[in-house]
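> the amino acid sequence is not available; the structure is as follows:
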Ligand SMILES: Cc1cc2nc3c(=O)[nH]c(=O)nc-3n(C[C@H](O)[C@H](O)[C@H](O)COP(=O)(O)OP(=O)(O)OC[C@H]3O[C@@H](n4cnc5c(N)ncnc54)[C@H](O)[C@@H]3O)c2cc1C
């Protein structure tokens, strides 16, 4: 179990502002956001190790309009990304969800870069269909830098 910025066992009857269940990427981002906003966060993980499937994954993040792509000189726009998602999703396209993703994912990446030891690198991967409307040959895929993900792994034992 972890609390705030340190790790500790919790005691029965403890209280908190936010109780986060699990320690995958989604849970840790929620816990980090709340802790940075000043909330007292209690995080519960059922396994022996933190990280869930996220810690085992390839770590690739597809984030149109991310700052690493822009810094490397690969222009992107919300409109192009929306066009791509609309085209790829077809009848399953959900405008509200797609727009929420495009508005918040780049900010999430910048937040994690600024507030944690994790750094990220731009991958040379293209979109799955770069030739489709709004598709890109490079700039939208990032992953944790090997050096900082190894550091993360060394601290992830619960
Ligand atoms: C080999 C592999 C490679 C992958 N590569 C990629 C990739 O490159 N890019 C990509 O986008 N996706 C990839 N994925 C998918 C991606 O890892 C998952 O979609 C993502 O990690 C899910 O994150 P999450 O935060 O939702 O949950 P998880 O990371 O699964 O975390 C859930 C956590 O909650 C804990 N938990 C569950 N129930 C309870 C409970 N009742 N009490 C307490 N704790 C609980 C679990 O033990 C776990 O730690 C990959 C997956 C695998 C397996």
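Structure's in. What do you need? The structure displayed is predicted, hence computed values, not measured ones. Numbers count the residues shown, from 1 in each chain.

> near the ligand, which residues of the protein show up?
Selection of the chain residues close to the ligand by Cβ under 6 Å from any ligand atom yields 21-27, 44-47, 52-54, 56-60. C-betas here are computed from N, CA, C, even on glycine.

> inside helices: which ones of those residues?
Under the assignment DSSP state H, the residues of the chain next to the ligand contribute 25, 26, 27, 52, 53, 54, 56 to helices.

> can you count the residues close to the nearest residue to the fifth one once chain neighbours are set aside?
By that I understand residue 53. For residue 53, ignoring the flanking residues on the chain, the nearest one in space by Cβ to Cβ, 6 or more residues apart in numbering is residue 24 at 6.2 Å. Look at residue 24: counted by other Cβ atoms under 10 Å, it has 16 neighbours.

> adjust the sequence numbering to begin at 438 for everything that follows.
Let's use 438 as the start, then, which means that last one is residue 461.

> doesn't residue 486 make contact with residue 461?
No. Taking contacts as Cβ atoms under 8 Å, residue 461 lies outside contact range of residue 486: 11.3 Å.

> tell me the pLDDT at the nearest residue to residue 564 once chain neighbours are set aside?
Take residue 564 and drop its neighbours on the chain: the residue closest to it by Cβ to Cβ, 6+ apart is residue 572, 4.6 Å away. You'll see residue 572 listed with a pLDDT of 98.

> now the one 10 residues further on
We note a pLDDT of 91 for residue 582 in this prediction.

> what does residue 554 give?
Looking at residue 554, the pLDDT reads 88.

> A helix includes it, no?
No. Using DSSP: H, G, I helix; E, B strand; the rest coil, the assignment for residue 554 is coil, not a helix.

> quick one, phi psi at it?
The phi/psi pair for residue 554 (degrees, to the nearest 10) reads phi -80, psi -10.

> which helix or which strand is home to the closest residue to residue 566 other than its chain neighbours?
Leaving aside its chain neighbours, residue 566 sits nearest to residue 572 (5.4 Å; criterion: Cβ to Cβ, 6+ apart). Residue 572 is located outside every helix and strand, with elements delineated by DSSP states H and E.

> before we move on, what about the one 4 residues further on?
When elements are assigned from DSSP H and E, residue 576 belongs to no helix and no strand.

> mind giving me the domain split of this structure?
438-494, 496-583 (automatic domain parsing).

> mean pLDDT lowest where, among those?
Of all the domains of the chain, mean pLDDT reaches its minimum on domain 438-494 (a mean of 86).
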